[in-house]
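S.K.: Sequence plus the predicted model coming up.
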Amino acid sequence: MNFYKDKKKITLLLISIAAILPLVIVDQYFLRMMTISGIYIILAVSLNVVTGYAGQFCLGWAAFYGIGAYTSALTVTKLGWSFWVAFPLAGIVAALFGIVLAIPTMRLRDIYLALTTLGFGEIVRLVLLNWMDLTRGSMGIPGIPGPTFFGQSLDSSLFYYYFIFSMVLIVIGAVQRIIDSRMGRALIAIRENEIAAKSMGINTTLYKIQAFAVGAFFSGLAGSFYAHYSSFIDPNAFGFGESIAVLAMVVLGGMGSTVGAVFGAVLLSLLPEVLRGLAEYRMIIFGSILMLVMLVRPQGIFGHSGEGQRKIKRPAEEVRSDGVIGNS
Amino acid sequence: MGLLEIANVTKKFGGLTAVDGLSLSIEKNTITGLIGPNGAGKTTVFNLLTGFYPVSSGTIQFNGQDITNQPTHVVAQTGLVRTFQNIRLFTKMTTFDNVRIGYHTRGHAGLWGALSRNSSTQKEEQDIMDYSLNLLTKVGLVDKKDELAGNLSYGMQRKLEIARALASKPSMLLLDEPAAGMNPYETRDLMNFIEELRSEKITIILIEHDMKLVMNVCQKIVVLDYGKKIAEGLPNEIHSHPGVIEAYLGKGAAQCLK
């Protein structure tokens, strides 16, 4: 496809459009929408590392987002730490939780992994909801201050926009570098054929843990940003619905494609707003669009089609009785 | 002492003894054929060697190192690499990337290397690229390097799987029915290829049903039946071994053939 040849040009064009857009369209609502979709881009791109590239299904992704948000909000409001300390800390704490989730789930796959990660997401939400002393439960944490710079408040929507804009660029750049490396190839190999990956000397456990840690780290940063941006957080913002929404972005855009994850995130975070005029019909239309894409392009909009792929079967000349590995 | 020393290895699946007290010594720079009737336990031996299954008893030593019950990736890192009876390529990756993954054990770059793209990572990537292209040229797949592995023809997929294994520069290669499903022309091609590998100091164990191939390329043949080693020797010895004929054709067959 020609598209891929012009990829660099298109990317640069899109980046420059995103960079100057808030200066052209001066509108608070519009800026807010753009900022929110920036958050979702980071969530989708980081989930894509785990689910799209490494092939590890995760139904509780919003937990890392929530952990990041609460880490940042609590350290700033309760301990009085600066945003500039709380922000990286949020990423680190989320990454630690990523490792904590990854270690026991290493041997699980498919539906079992999905259920375990779903459970993890719910546990995190319930802890946030019920640990009243720390999180104030469903009352949430209000009045989270924005970042300051030498005593100067940076609490303006333009600042937030450019902050998330640079974050998006850094996260995408980092993910691209990871994918295009020895580690990235190992992750894709695990997704494609775990047995073959192991037999090529790839320590699958180590790489899965790394994938979870990296993805959770970025999502934790996104959570921290969200907390300071919206200045109020409560556990319901990090529930199952949010996990599904991020997963839908990755699947719709095309698993294992960063462009797809970005596209899916922008589309699905803006679509409900675009359709707002249709009032109660909007979720029906939203759902129909999702279903339609999945019917027409089950691999996602930017996913690899695998077209013309032939299934080559070994001639059935031996009935095996001596092992699972030789026979699938 | 041989490169690979299998001592009294037994594998039981519940009541079934798939490998029964197997002892075997493989010398450096040889090609050994592992043959036997269906269900004799040949692939199980490979699975035990490469750590896919834990052994029930016995020990395996490779290159003077005990690799009994080591995880698969650790075994691969010691230089003992296998291919699969049913091809296991990374079908949605390109031919080139499949070979690049084969290089994995020889690389070092981790997360930090990927993010920083420091000079050692760049050099490593360049080495991987050069080496992989060379290897693909050697096996004759270089013009298919950007093709998805799943789109290659059956014979090419077999070849690619071997090339991927070779990319790790193994000292020993375990080939599980490399000629299965190949036409006679492809088989002959493969035979020459395997001979060439030996000249590069790669020790090979080969599971194969194509007797012509086995008899031609192997210096030593080991015959398994019901998990037990029933014969071991030069191809022409195995050819006329009464126990082997019995295992394949049944009791009394050896007399009938005379």
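M.R.: Yep, that arrived. Numbers count the residues shown, from 1 in each chain, chains lettered A, B, ... in the order given.
S.K.: Checking residue 8 next. Helix, strand or coil?
M.R.: Just so you know, I chose chain A. helix (DSSP: H, G, I helix; E, B strand; the rest coil).
S.K.: hm, I was asking about chain B
M.R.: B:Asn8 ends up strand, using three-state DSSP.
S.K.: That one: neighbouring residues, count only.
M.R.: 12 (other C-beta atoms under 10 Å in any protein chain shown). (Glycine included, C-beta is placed from N, CA and C.)
S.K.: And for A:Ile301?
M.R.: 17.
S.K.: Please tell me how far A:Val49 sits from A:Phe64.
M.R.: From A:Val49 across to A:Phe64, the span is 12 Å (C-beta to C-beta, to the nearest Å).
S.K.: mind listing the helices in the chain by residue range?
M.R.: Since no chain was named, I'll use chain A. All helices of chain A, identified by DSSP state H, fall at A:2-5, A:7-24, A:28-47, A:62-77, A:83-105, A:110-130, A:132-135, A:157-179, A:182-192, A:194-199, A:204-230, A:240-253, A:258-274, A:282-296.
S.K.: not what I meant, chain B
M.R.: So, for chain B - with DSSP H - the helices run B:42-49, B:72-77, B:95-102, B:111-116, B:119-139, B:154-166, B:184-199, B:211-217, B:235-239, B:242-249, B:253-257.
S.K.: picking that back up, so for A:Val49 and A:Phe64, which residue has more residues nearby?
M.R.: The residue with more neighbours, out of A:Val49 and A:Phe64, is A:Phe64; 37 against 30, by other C-beta under 10 Å.
S.K.: Please list all residues in contact with the more buried one.
M.R.: A:Ala94, A:Phe97, A:Gly98, A:Gly215, A:Ala216, A:Ser219, A:Gly220, A:Gly223 (C-beta atoms under 8 Å, 6 or more residues apart in numbering or on different chains).
S.K.: Could you dump those into a markdown table and include neighbour count and distance to B:Ile6?
M.R.: Listed next are the contacts of A:Phe64 as a markdown table, based on neighbours: other C-beta atoms under 10 Å in any protein chain shown; distance: C-beta to C-beta, whole Å:
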| residue | neighbour count | distance to B:Ile6 |
| --- | --- | --- |
| A:Ala94 | 31 | 47 |
| A:Phe97 | 22 | 44 |
| A:Gly98 | 27 | 41 |
| A:Gly215 | 29 | 42 |
| A:Ala216 | 34 | 43 |
| A:Ser219 | 35 | 48 |
| A:Gly220 | 32 | 49 |
| A:Gly223 | 33 | 53 |
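S.K.: what sits against the residue most central in space within chain B?
M.R.: Centroid-nearest residue in chain B, with C-alpha atoms, centre = their mean: B:Leu174, separated by 1.5 Å. Residues in contact with B:Leu174 (C-beta under 8 Å, 6+ apart) are B:Phe46, B:Leu49, B:Thr50, B:Leu80, B:Val81, B:Arg82, B:Thr83, B:Ile204, B:Ile205, B:Ile207.
S.K.: Contact partners for B:Val81?
M.R.: Applying C-beta under 8 Å, 6+ apart to B:Val81 gives the contacts A:Ser199, A:Met200, A:Gly201, B:Ala165, B:Ser168, B:Pro170, B:Met172, B:Leu173, B:Leu174.
S.K.: can you redo these as a markdown table with distance to A:Val124 and pLDDT?
M.R.: Below are the contacts of B:Val81 laid out as a markdown table (distance: C-beta to C-beta, whole Å; pLDDT from 0 to 100):
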| residue | distance to A:Val124 | pLDDT |
| --- | --- | --- |
| A:Ser199 | 36 | 91 |
| A:Met200 | 35 | 92 |
| A:Gly201 | 35 | 91 |
| B:Ala165 | 43 | 92 |
| B:Ser168 | 40 | 89 |
| B:Pro170 | 44 | 91 |
| B:Met172 | 47 | 92 |
| B:Leu173 | 47 | 92 |
| B:Leu174 | 45 | 93 |
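S.K.: List only buried entries from these.
M.R.: Taking 16 or more other C-beta atoms under 10 Å in any protein chain shown as the criterion, what is buried in those is A:Ser199, A:Met200, A:Gly201, B:Ala165, B:Ser168, B:Pro170, B:Met172, B:Leu173, B:Leu174.
S.K.: For chain B, what's the nearest residue on the stretch 1-150 of chain A?
M.R.: Of all residues in the stretch 1-150 of chain A, A:Gly55 sits closest to chain B, at 10.7 Å by C-beta to the nearest C-beta.
S.K.: Which pLDDT value goes with the residue nearest to that residue when sequence neighbours are not counted?
M.R.: In space, and not counting its chain neighbours, A:Gly55 is closest to A:Arg191: 2.9 Å by C-beta to C-beta, 6 or more residues apart in numbering or on different chains. pLDDT, A:Arg191: 91.
S.K.: give the contact list for A:Arg191.
M.R.: A:Tyr53, A:Ala54, A:Gly55, A:Gly256.
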